[in-house]
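**Q** Any chance you could fold what I've pasted below:
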Amino acid sequence: MLLLHLVQAILLKNAVSPLTKISAIARAICTEDGISLQISPSSAFGMVMAVLRINSSCFEDFRCDASVEGVDSLDLSVLNSILFVTNDRDSIIVTAYFDDDKTLIYFNFLDNTGFKLDCVPVAMGIRTIEYKVPHPASTPDILGIKEPEYEYEVIVGIPSEEFRRVLRHLRLYEEYTVDVSVTDGRVVTFSSGSEHLDLTKENGCIFWGTEENDWVHFRIFLHGMNSFIEASENSALVWMFKSPDSPAMLNCPIGPLGNIKYYFSQDDY
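**A** Okay, here's the model as predicted:
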């Protein structure tokens with residue numbers, strides 16, 4: 001059994017919605033530390049994986065039985081539809097019961113005074129979604145990601161509003177590849193085709209780990225732009241992480257709830 005109680009249900013809505021822009025299916029991984037929704041977008045998005053990570057400390061109540069490790073092929077469109085009508089007055093209690101061929105999930109919506117607004121049972125059977133109890137060690141192998149092992153040498157914080165402005169501007173030129181260069185802790189350059197835009201500390205950027213005369217390169221793809229933009233609206237800054245031996249990562253915090261992390265292949269640049 002899985003049980004979670006989130007006082008601000010709208011945070012979960014805001015966290016799930018960006019994922020639907022790049023995939024219809026996710027794998028839900030449950031541990032005593034929290035929940036992850038992991039997706040493997042199509043190759044057109046240029047990503048290795050995207051992850052929504054929510055720590056157990058973000059919930060008013062969180063219980064995950066040791067026998068429950070997750071659900072394969074979770075339909076994000078179903079989840080997004082259920083959360084769509086959530087407003088900033090709602091809290092949510094989710095309970096999930098697992099057996100061999102299906103998972104029964106109850107979404108209980110309450111206002112913040114505890115009055116019960118709705119109880120929606122959603123039976124997800126084998127006709128639409130396959131449910132399994134995956135072995136924890138199998139998840140990194142299937143998705144090609146070993147997230148906890150990554151260490152990043154360069155971190156760049158970019159004001160979310162500036163990030164959205166740059167992406168929307170570059171998208172006008174119908175180029176889907178954006179190269180991001182960072183040099184000596186002062187300038188972030190976004191390049192797409194012949195178009196170049198610079199952001200500096202004066203624009204509110206934060207630099208860590210860059211050295212003088214040392215250029216660091218990221219590459220992101222605008223096929224996922226709608227997801228990036230929506231995710232970035234939940235925080236003041238977005239973060240880019242880079243190391244030689246780890247996939248580049250774009251991190252969009254979702255308020256106090258957690259983070260959406262987009263991983264890009266290190267071979268792309």
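**Q** quick one: secondary structure of Ser227?
**A** Ser227 carries the three-state label helix when classified by DSSP: H, G, I helix; E, B strand; the rest coil.
**Q** burial count for the nearest residue to it once chain neighbours are set aside?
**A** Setting aside the residues directly before and after it, Ser227 is nearest to Lys21 in space (C-beta to C-beta, 6 or more residues apart in numbering), at 3.8 Å. The C-beta positions use only the backbone N, C-alpha and C, and glycine is treated the same way. If you count neighbours by other C-beta atoms under 10 Å, Lys21 ends up with 19.
**Q** For Lys21, grab phi and psi.
**A** The phi and psi torsions at Lys21 (degrees, to the nearest 10) take the values phi -80, psi -10.
**Q** wait, what's in contact with it?
**A** Counting by C-beta atoms under 8 Å, 6 or more residues apart in numbering, Lys21 makes contact with 224, 226-227, 230.
**Q** Could you rerun that using 10 Å?
**A** If you count contacts by C-beta atoms under 10 Å, 6 or more residues apart in numbering, Lys21 has them with 41, 45, 50, 76, 223-231.
**Q** likewise Ser194?
**A** By C-beta under 10 Å, 6+ apart, Ser194 lies in contact with 173, 175.
**Q** And it, how close does it get to Tyr173?
**A** 8 Å (C-beta to C-beta, to the nearest Å).
**Q** Domains in the chain, by residue range?
**A** As recorded under automatic domain parsing, the domains making up the chain are 2-144, 151-268.
**Q** Turn these into JSON lines, columns for mean pLDDT.
**A** Converted to JSON lines, the domains of the chain look like this (pLDDT from 0 to 100):
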{"stretch": "domain 2-144", "mean pLDDT": "75"}
{"stretch": "domain 151-268", "mean pLDDT": "88"}
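**Q** Run me through the strand neighbours of the helix or strand containing Ser191, direction for each.
**A** Here Ser191 is covered by strand 187-192, with elements defined by DSSP states H and E. Strand 187-192 has its sheet partners listed here by DSSP bridges as strand 177-183 (antiparallel), strand 195-200 (antiparallel).
**Q** rewinding a little: now the buried members of the contacts of Lys21.
**A** Under a neighbour-count criterion of 16 or more other C-beta atoms under 10 Å, the subset of those counted as buried comprises 41, 45, 50, 76, 223-225, 227-231.
**Q** From Val7, how far out is the residue nearest to Pro256 when sequence neighbours are not counted?
**A** If you skip the residues right next to it in sequence, Pro256 has Cys58 as its closest partner in space, 6.5 Å away by C-beta to C-beta, 6+ apart. Using C-beta to C-beta, Cys58 is found at 9 Å from Val7.
**Q** Who has more neighbours out of those two?
**A** Each of Cys58 and Val7 had its neighbours counted (other C-beta under 10 Å), and the higher figure belongs to Cys58 (20 against 14).
**Q** my guess is Val78 contacts Val71, does it?
**A** No - with the criterion set as C-beta atoms under 10 Å, Val78 and Val71 do not qualify as a contacting pair; they are 11.9 Å apart.
**Q** Provide the contact partners of the top helix by length along the chain at residue level.
**A** When every helix of the chain is counted residue by residue (DSSP state H), the longest turns out to be helix 160-171. By C-beta under 10 Å, 6+ apart, the surrounding residues in contact with helix 160-171 are 157-159, 176-178, 180, 188, 190-193, 195-199, 203-205, 220, 222, 224-226, 228-238, 240, 250, 252-253.
**Q** Apply 7 Å and report the result again.
**A** If you take C-beta atoms under 7 Å, 6 or more residues apart in numbering as the criterion, helix 160-171 is touched by 178, 190, 192, 195, 197, 199, 203-204, 222, 225, 228-229, 232-233, 235-238.
**Q** hey, where'd the strands end up in the stretch 101-250 of the chain?
**A** Counting by DSSP state E, counting those that start in this stretch, the stretch 101-250 of the chain has strands at residues 103-111, 116-124, 154-159, 177-183, 187-192, 195-200, 206-208, 215-221, 237-243, 246-254.
**Q** Can I get the fourth one as PDB, trimmed to CA atoms?
**A** Just to be clear, that refers to strand 177-183. Taking C-alpha atoms only, strand 177-183 is exported to PDB below (Å, rounded to 0.1, in the frame of the first residue of the first chain):
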ATOM      1  CA  THR A 177      19.100  22.800 -31.300                       C
ATOM      2  CA  VAL A 178      20.300  25.300 -28.700                       C
ATOM      3  CA  ASP A 179      23.900  25.300 -27.600                       C
ATOM      4  CA  VAL A 180      24.600  26.900 -24.300                       C
ATOM      5  CA  SER A 181      28.200  28.000 -23.500                       C
ATOM      6  CA  VAL A 182      29.400  29.300 -20.200                       C
ATOM      7  CA  THR A 183      32.800  31.000 -19.700                       C
END
